[in-house]
Each structure stands twice: as structure tokens, then as C-alpha cells.
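> Next comes the sequence, and after it the predicted model I'd like to discuss.
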Amino acid sequence: GVNFTSKYDGNSIQKSKRPALNVVIVLDISGSMSVPFHGGNRSKMDVAKESILAVTNQLCDEDYFSVVVFNVKASVVVPLTKWKEMDQIDLAKRIQKLKPGGRTLLSSGLERANAILRDAPEGDDRISRICFMTDMEAQESTDEASFTTSVKEYSRHSIYTTIIGVGMDLQRNTVVECSRTPGCNYCNVLSDDDFRHLMNSEFAYLVTPIAFNVSVELAGGDWKMTRGFGSPEISDVPLHSVRFSSIFPSSTCSTDSGLRAGCYVFKLEPKDGKVDSLDPVSIKVSWEDSLGICHSTEDKIPFNETAFSSQEEAEAPNPNTIGLRTAVLLMRYTDFTQNYIKQFNEYVTHLKNEQPSKRAKTSEENSTDPTKPVGLSEFMDFYLHQKELLSDNSLQGEVDVLTKLQEEQNLLDLL
């Protein structure tokens, strides 16, 4: 696995103090925001308004803050104002008055926020950022394409975008493409609690990029990286290069357990199919800082010791391997669910397309038919056991997905 560390990791961001910020919160107030989160009672709009006010608790005196709302048109609710000069009572009243309605034009809100930040104060370390809160329910297919193009264009002028998906599908191309833009990132909130945690605990990390155009290379040797986990930017198969548009600080950082956010896991394979020795692998990392200055470093990863083996997976982990074990568990989860869903969809499609026939199929024809997916119960048991050993409640989201897959499997078994 590969981690990127900075002086802003964990609680250190409070000591080091993040760079001053010009931030425009852009809130989607279209009609779809009146719908509650799945399983909740409060509307997305009500939770978003509460979360905007929670963000203000993270602001410093020298920050500049603005709020823009949009449906098909954009309006400035709070002009860009230095935080120490902000009338916070008036701000709260303006936010609480907002109501959802109308259709959605994503580009309208983004363009208005960019216009505000073009005229914002500048400084050596000051960061300009758009925090875009939306359920991404655009009415026009060209709107999302225009949105992505604008995010990339603004980034070239050091105006970065964070997409906060309100109960949306983060696998859609718009979000993935924006996440591959320097200085930009995304996150998803699926409940009231998600939103509160994000704004109260993660905001400072989301708005503070620490490196741009990061490249990770194996410097010679007998190994090659074939797969990457932890970011859409390294999920291509086969993995020909490892590049990150930007890196952000880790909100979770424990030197005792090795547990931290922002861990990227790579699968290595021998270049020629076999390895005669387990010599250390030389790895080179290069990046640009916020001023565009290039830096690089090299290190060696030893293979002479095992961090933990598959035989140890049934045992309580050593404290300093918890981070690595968590990353490997999520890697296995990703592999399993992707393969399982692929097999499930192929099998269901086969059942739908299969026409009744009086002619019996030959054994060769049967062997090419998609088979019913298997192994879900066994993997779920394994995952739950690992979650218990690691004592990590943040792994519950994956359990919820596996439970949903089990429900679908049960329905399939009835056919």
C-alpha cells in the first residue's frame, strides 16, 4: 500500500492551521431536493441547510464565505464576505428561508460561483474552492457534460470544486471525471448523520489539497503494478501508469495502528511471470506543490518480511497492521462485489432471453450458458468476521451492500 503524509493529517490540521480559504457554497434548491434521504424523514434540503451552517463553525477570521443557490437560475444568497465581518445571525436567517422547487441546471450554479471567486482576494497560500451540494438530477444530458468541462477549466485557474453528492450515484461519469481534475474531489452523503459528520469532521481536509499531478513509478526491477485500489484514477485494468490529479490530507491518522484514510493498494506481479529473488522494490514519487514547483522522492519497499499472512486473518490483528488489513479487506470486497454483480447480471439476462425450446441443449451448449452466481454467503461471513476483528464501524456501509445483494440473491433463488 501507498500513503501520502502531510503536516495536515489527523489532528495536526488544527495545529498547523489550514491555508486561508475563499469558499462559495453552491446549493441545489431544485424540486428533487424536497425528497427525504432513503429511510429518513427530513428532506435533503433541510439537512443541507443545517450542514451549511455547520460548515461556518470550521471557518477562520481570514476566510471569505459566500452562498449561491440554483435551480434553472442561480442567485447569490450571501455575497462573498470576510468571515470576521459576517453578520452570522442574518446569514442563518437567509439560509433557513430557502425552499426547494423548480428544475435543475447544474451549470448555472457553477458559473455564478466561479464569477464570484474570480474577483476574490488572492494570497500565496489562499485557496479558492466551490463546494457544490447537489443530488445531480440534471434535466438535460448536455448539462452534466458542460458542468464537467467547466470544472476542468476553472481548475486551470486555481478555482477548485468539491462535489458533495446528496444521496446520489457516485459512479456516474460526471463525478468520476471531476475527481480526476487537479484540486477537485467528491464525497457522498446518504443520511443526516453522513452530512453532519462530513461538515463537522471532514471539511478542512476536503478543501486543502497538498499535492498535484502525482506520479508513482516502480524504478526498474522485476515487478510491475497491475491493479490499483482506492481511487477511480487507478482503477483501470490493466494498470499502465499510476497518476493522481491531486492528493488531500488524511482525516484519520494513527501511528500506532497504521490506520488512516487515503490508503492506496496496488497489486504487483512479476514482469516475466517469475521472480528469482525478493529484492526490495524501488519506488519513485513525484508531485507539484500549490505553486507548481516539482518535487520527487525515492524509497525501497522490502519483501523479506510478511506484514500479515492469510493464515492470520482469523486472528486478532497486530496493532500496527490494522490499516493494511483494512485496506486489503476493502480490496477483496471490491473484487468480489464487482465479479458477483457481473455474474448476477449475466445470469438474469440469460434467463430473460432464454426462449422455450422443444430441442434439448447439448452439453457443449449448456457449458457456455451463464451460471448462477455463488459464494455470497461465504464472503459475507468472512467480511463480518474481519469487521469484528478490526473493530471498525466504518466498514458497515459495505455490509449494507452485501445485505442488499443477499436479498436479490434470495429473490433469484425463487425463480
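Here it is on my side, so go on. Numbers count the residues shown, from 1 in each chain.

> For Asp124, which non-adjacent residue is closest in space?
Leu291 (7.8 Å; CB to CB, 6 or more residues apart in numbering). Quick note: C-beta positions are derived from backbone N, CA and C, even for glycine.

> how many neighbours does the one you found have?
Other residues lying near Leu291 total 7 when counted by other CB atoms under 10 Å.

> Please confirm that it is located within a strand.
No. Counting by DSSP: H, G, I helix; E, B strand; the rest coil, one finds Leu291 to be coil, located in no strand.

> What does it show for phi and psi?
Reported as degrees, to the nearest 10, the phi and psi values for Leu291 are phi -100, psi 0.

> can you map out the strands along the stretch 1-150 of the chain?
21-28, 64-70, 74-82, 127-134 (DSSP state E, counting those that start in this stretch).

> For those, give me JSON lines that also has mean neighbour count, mean pLDDT and distance to Glu111.
Shown next, in JSON lines, are the strands of the stretch 1-150 of the chain (neighbours: other CB atoms under 10 Å; pLDDT from 0 to 100; distance: least, CB to CB, whole Å):
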{"stretch": "strand 21-28", "mean neighbour count": "25", "mean pLDDT": "97", "distance to Glu111": "10"}
{"stretch": "strand 64-70", "mean neighbour count": "23", "mean pLDDT": "98", "distance to Glu111": "9"}
{"stretch": "strand 74-82", "mean neighbour count": "16", "mean pLDDT": "97", "distance to Glu111": "7"}
{"stretch": "strand 127-134", "mean neighbour count": "24", "mean pLDDT": "95", "distance to Glu111": "10"}
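
> any chance of those in a markdown table, plus distance to Ala204?
Compiled in a markdown table, these are given as follows (distance: least, CB to CB, whole Å):
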| stretch | distance to Ala204 |
| --- | --- |
| strand 21-28 | 9 |
| strand 64-70 | 14 |
| strand 74-82 | 18 |
| strand 127-134 | 11 |
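
> So which of the ones you listed is nearest Asp46?
Counting by CB to CB, Asp46 lies closest to strand 21-28 out of the strands of the stretch 1-150 of the chain; the figure is 11.8 Å.

> Relative to the closest one, what are the paired strands and their orientations?
strand 64-70 (parallel), strand 127-134 (parallel) (DSSP bridges).

> ok so, going back, now do the residue nearest to Asp124, the pLDDT please.
The per-residue pLDDT reported for Leu291 equals 86.

> Any figure for the gap between it and Phe212?
10 Å (CB to CB, to the nearest Å).

> related to what we said a few turns ago, of the strands of the stretch 1-150 of the chain, which is nearest Glu388?
Judging the strands of the stretch 1-150 of the chain by CB to CB, what sits closest to Glu388 is strand 127-134, at 34.9 Å.

> starting at the chain centroid, how far to the closest one?
15 Å (CA atoms, centre = their mean, to the nearest Å).

> can you list contacts of it?
19-28, 48, 51-52, 55, 104, 106, 109-110, 113-114, 117, 120, 154, 158-166, 168, 206-209, 290 (CB atoms under 8 Å, 6 or more residues apart in numbering).

> Also stretch 220-237?
Counting by CB under 8 Å, 6+ apart, 176, 179-180, 218, 238-239, 242-245, 262-272, 275-277, 279, 281-282, 327, 330-331, 334 sit against stretch 220-237.

> Can you say which of these are buried?
179-180, 218, 242, 244-245, 262-266, 268, 281, 327, 330-331, 334 (16 or more other CB atoms under 10 Å).

> Quick one: mark the members of these that sit in helices.
Ser179, Ala327, Leu330, Met331, Thr334 (DSSP state H).

> can you put those residues in a markdown table and add pLDDT and distance to Leu395?
What follows is these, written out as a markdown table (pLDDT from 0 to 100; distance: CB to CB, whole Å):
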| residue | pLDDT | distance to Leu395 |
| --- | --- | --- |
| Ser179 | 85 | 22 |
| Ala327 | 84 | 11 |
| Leu330 | 89 | 8 |
| Met331 | 87 | 13 |
| Thr334 | 89 | 13 |
